[in-house]
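Chemist: My questions are about this predicted structure, shown below with the sequence.
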Amino acid sequence: MDFWRSKKQDAVDAEPVEAAGTQSGKADSRSTALAVRPIPEDALVLIPLRNAVLFPGVISPITIGRASSVAAANEAARNNLKVGFLLQRDPQANDVGPGDLHRVGTAGKMVRYAAQPGGANHLIVQGERRFRVVEFLEGWPFLVASVAWIPEVTGSGTDIEARFLQLKSQAAEAIQLLPNAPDELAEVVQAVALPAQLADMVANLLDITNEEKQDVLETIELGARLDKVLAFLAKRVEVLRISKEIGDKTRQQFDSRQREHVLREQMRQIQKELGDEEDSAAEIEELKKAIEAAGFPEETLKYVKKEFKRLARMGEQSGESSMLRTWLEWMTELPWVPAPQKEIDLREARAILDEDHHGLEKIKRRILEYLAVRKLNPEGKSPILCFVGPPGVGKTSLGQSIARATGRKFQRIALGGTHDEAEIRGHRRTYIGAMPGNIIAAIKRAGSRAGVLMLDEVDKLGAGGFHGDPSSALLEVLDPEQNAKFRDNYLGVDFDLSRVMFIATANQLDTIPGPLRDRMEIVNLVGYTEGEKLEIARKYLVRRQLEANGLADRQVSIADSALTSLIQDYTREAGVRSLERQIGAVMRNAAMKIAEGAPAPIQVEAADLHGILGARKFESEVALRVATPGVATGLAWTPVGGDILFVEASKVPGKGKLILTGQLGDVMKESAQAALTVTKEMLKDSFESWDVHVHVPAGATPKDGPSAGVAMTLALVSLFAGKPIRSDVAMTGEISLRGLVLPIGGLKEKSLAALRAGIRTVMIPRRNEKDLEDIPADARAKLEFVLLDRVEDAVRTAIG
């Protein structure tokens, strides 16, 4: 029972003495003919073994065929002699002599001997004890040697006991790992009571080389023998354990594949009965026609055809077929062939822009220049426009107007919160649920690769992480030098984006990464004046809300006074989004009245707004807030437009400390320090007996920026001079310690904010005089601008 070896023992020598019937008679006659003289008592008949080692206590089958081995077996059988079994050093040698054999072997008896026709004889031998060859003897037609018996060391003690138990444990584990081991084998191993016997039994059964077995056989000291067997067995157990794991996994995979094959075959038969196979063939044919008509570039066509052939070969049963079919459908539905474009008519484009948008003359002029270049050079690389401005100023609608003016399809991609590069470049097809990126998806929706593609809220892209950086992925999209060969991960081929007209929008530039901002031309949309808002409400917002609420022009009308009140008292913004919501609320109120049976038309006046919208949400606080000394009105820039802020200064008896509150940033804190120093110099007073407290409401809003120096200085001068600042004056500008007024940014936004707040005089740095032309003419007409060189100019204007 060779349960640790995969191969059977090769031809050796000897077979049982119990040869019955005719076989016994043949053996006797053969031995009589060969025997010349008797074997000495201290000698053994030897049978060389090619590929086996016999151990004491082991019963083993052996096949012999050499004439000398057959003669030795016959002699032993005739005289009931023990036989010595020695391992050959070279298993390929046929004629062996004393120098070809190991010197230590096992003596045993033949328990069965069966001669077969053709020269092969089968023995079953039982090993009994070890011996060592002392001298080879001559005079026999087979090998004979005088031997010295090697006594078996029984051994005792804790070391031997521990090794003995460990060997039993490992042998039991090996038997459990064997796939076809008989149940009785474990019982036989556990029943062995002697360590030496167990060591020989396990060594005989192990799948190790004959040289390694011979080494165990020649190891007489019991502890060393047990250690060697334990080492061989441990290695074999590890191999069996790994083989079992591999076999289990292979079996599971095979069972799974077999089950899948059976199910798919059943499905195929069901589809055949239902006639679905014909539908599948028709779909494949349609897909083939779509590939031929798609107009792929040459390289792309080769790749698509290759994938189509794979799909046709694998059939519906393959798990990859649905993924491959989806990919081919995407490829055939994309616009690969450039569609003829409508010629750009600048007059029509100007009329469309004027129809859709009121004001924004500089923006319209830049858009018309952009369209003129596209008209003169359709194949040229036009810049990427980025509209930057607060919410509600018409950035998205400008993109729609450009599409309408050029006769192109318009698609919008919302980039706010995008944090995964795959949303731009797509997922690889190896992923489950893989899809193209938003760029390719928008091209497919547009049905043209020469449409207008708006990248909305590009300033709100998510930060890069382990999903990749979406802003970096956009660099390839927005670079005219690269986007002619844009590669979406899902498509796996180049797609030409050079004909797409990209337009981006943003609320602020600070959060747009520098490399991405560098690829775009920035067009600023600042905000609208009250007059512009009134015109926009008349032309667009009222009509839009009438349609949204199911009303006709003859049913409801809103007076200009009511629109003006909505602009001044219920909204305060750079754009018109909140204004449209308030107009919608007025229209819903009118719709409810009409639905309840009120006679039309309904005229909405300014006095009606309180009953519809409630109390006014905004009012001019300037006159009230600056009625006391130490309060100045400043102007600030915010991402949603300009705004006014108040700088309040107060003094209490103390030791000359400066206290700053209102969540001021580092820049504003430094401006306050500079303002206090300039004030001390101007009034020739150190204020050592006073603590000065400067506060900028509202305290919950963080504030910072380099344009509050003039307002802080005037608040301090007003406080210590005891004179209030004029209520209709607002100011902006930074100061130096020498009292110079330094230039600022965002003048247009700040000026419009002053106008909305009821300010009539705005003090600005003289070096910002060049920026006045950016302010709408009607706003400039309503505001008086005072140009400042030094802070004393501001004091004379605001305080006197």
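Modeler: That came in fine, so what should we check first?
Chemist: for the residue nearest to E532 when sequence neighbours are not counted, what are its contacts?
Modeler: Leaving aside its sequence neighbours, E532 sits nearest to G359 (C-beta to C-beta, 6 or more residues apart in numbering; 4.7 Å). (Each C-beta comes from the backbone N, C-alpha and C, glycine too.) Residues in contact with G359 (C-beta atoms under 8 Å, 6 or more residues apart in numbering) are Y528, E532, E535, I536, P776.
Chemist: Repeat the analysis, applying 10 Å as the threshold.
Modeler: G359 makes contact with G394, Y528, T529, G531, E532, K533, E535, I536, P776, D778, according to C-beta atoms under 10 Å, 6 or more residues apart in numbering.
Chemist: Can you classify it as helix, strand or coil?
Modeler: Judged by DSSP: H, G, I helix; E, B strand; the rest coil, the three-state class of G359 is coil.
Chemist: how close does it sit to R756?
Modeler: When distance is defined by C-beta to C-beta, to the nearest Å, G359 is 16 Å away from R756.
Chemist: ok, which stretches of the stretch 151-300 of the chain are helices?
Modeler: Taking DSSP state H, counting those that start in this stretch, the helices of the stretch 151-300 of the chain run over residues 158-177, 183-191, 195-205, 210-218, 222-274, 276-293, 298-314.
Chemist: and the fourth one, how far from the chain's centre?
Modeler: Between the centre of helix 210-218 and the centre of its host chain there is 58 Å, according to C-alpha atoms, centre = their mean, to the nearest Å.
Chemist: Mind giving me the packing neighbours of it?
Modeler: strand 83-87, strand 104-115, strand 121-137, helix 195-205, helix 222-274 (3 or more C-beta pairs under 10 Å, 6 or more residues apart in numbering; DSSP states H and E).
Chemist: May I have the strands that pair with the shortest one, each with its orientation?
Modeler: Looking at strand 83-87 with DSSP bridges, its partner strands are strand 43-49 (parallel), strand 104-115 (antiparallel).
Chemist: Dump the helices and strands packed on helix 210-218 into a markdown table; add mean pLDDT as well.
Modeler: Converted to a markdown table, the helices and strands packed on helix 210-218 look like this (pLDDT from 0 to 100):
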| stretch | mean pLDDT |
| --- | --- |
| strand 83-87 | 92 |
| strand 104-115 | 89 |
| strand 121-137 | 90 |
| helix 195-205 | 86 |
| helix 222-274 | 76 |
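Chemist: For the ones you listed, give me JSON lines that also has distance to E648.
Modeler: Listed next are the helices and strands packed on helix 210-218 as JSON lines, based on distance: least, C-beta to C-beta, whole Å:
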{"stretch": "strand 83-87", "distance to E648": "108"}
{"stretch": "strand 104-115", "distance to E648": "110"}
{"stretch": "strand 121-137", "distance to E648": "110"}
{"stretch": "helix 195-205", "distance to E648": "97"}
{"stretch": "helix 222-274", "distance to E648": "77"}
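Chemist: Which among these is found nearest to T732?
Modeler: T732 sits nearest to helix 222-274 of all the helices and strands packed on helix 210-218, at 74.2 Å, using C-beta to C-beta.
Chemist: circling back to that earlier point, spell out for me the ChimeraX command that would select the buried members of the contacts of G359.
Modeler: This is how ChimeraX selects the buried members of those, with burial counted by 16 or more other C-beta atoms under 10 Å:
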select :394,528,529,531,532,533,536,776
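Chemist: what's the farthest-apart pair in the contacts of G359?
Modeler: G394 and D778 (18.0 Å).
Chemist: Single out the most deeply packed of the strands paired with strand 83-87.
Modeler: strand 43-49 (a mean of 26; mean count of other C-beta atoms under 10 Å).
Chemist: so what strands line up beside the helix or strand following it?
Modeler: Counting by DSSP states H and E, the next helix or strand C-terminal to strand 43-49 is strand 59-64. When pairing is defined by DSSP bridges, strand 59-64 lines up against strand 121-137 (antiparallel).
Chemist: Relative to the whole chain's centre, how far out is the partner strand?
Modeler: Remark: strand 121-137 is offset 71 Å from the chain centroid, using C-alpha atoms, centre = their mean.
Chemist: That strand versus helix 195-205: what angle between them?
Modeler: Counting by axes from the mean of the first three to the mean of the last three C-alpha atoms, to 10 degrees, strand 121-137 lies at 120 degrees to helix 195-205.
Chemist: Who are the packing partners of the next helix or strand after strand 121-137?
Modeler: Downstream of strand 121-137, the first helix or strand assigned by DSSP H and E is strand 143-149. Under the contact criterion of 3+ C-beta pairs under 10 Å, 6+ apart, strand 143-149 touches strand 43-49, helix 67-79, strand 83-87, strand 104-115, strand 121-137.
Chemist: could you dump strand 143-149 to CSV, C-alpha only?
Modeler: In CSV, the C-alpha atoms belonging to strand 143-149 read as follows (Å, rounded to 0.1, in the frame of the first residue of the first chain):
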residue,chain,number,x,y,z
LEU,A,143,25.4,-13.3,-5.5
VAL,A,144,26.3,-14.7,-2.0
ALA,A,145,27.9,-12.8,0.9
SER,A,146,28.8,-13.3,4.5
VAL,A,147,27.0,-10.8,6.6
ALA,A,148,27.0,-9.2,10.0
TRP,A,149,23.6,-8.7,11.6
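Chemist: Show residues contacting that strand.
Modeler: Identification of contacts with strand 143-149 by C-beta under 10 Å, 6+ apart yields 39-48, 68-69, 71-72, 75, 82, 84, 86, 96-98, 101, 103-105, 107, 129-138.
Chemist: Just the buried residues of those.
Modeler: Buried among the contacts of strand 143-149 (16+ other C-beta under 10 Å): 39, 43-48, 68-69, 71-72, 75, 82, 84, 86, 96, 101, 104-105, 107, 130-131, 133, 137.
Chemist: Could you list the low-confidence segments of the stretch 701-800 of the chain?
Modeler: 701 (pLDDT under 70).
Chemist: rerun at 90
Modeler: Counting by pLDDT under 90, the stretch 701-800 of the chain shows low-confidence ranges at 701-709, 719-728, 737-739, 744-760, 771-782, 794, 797-800.
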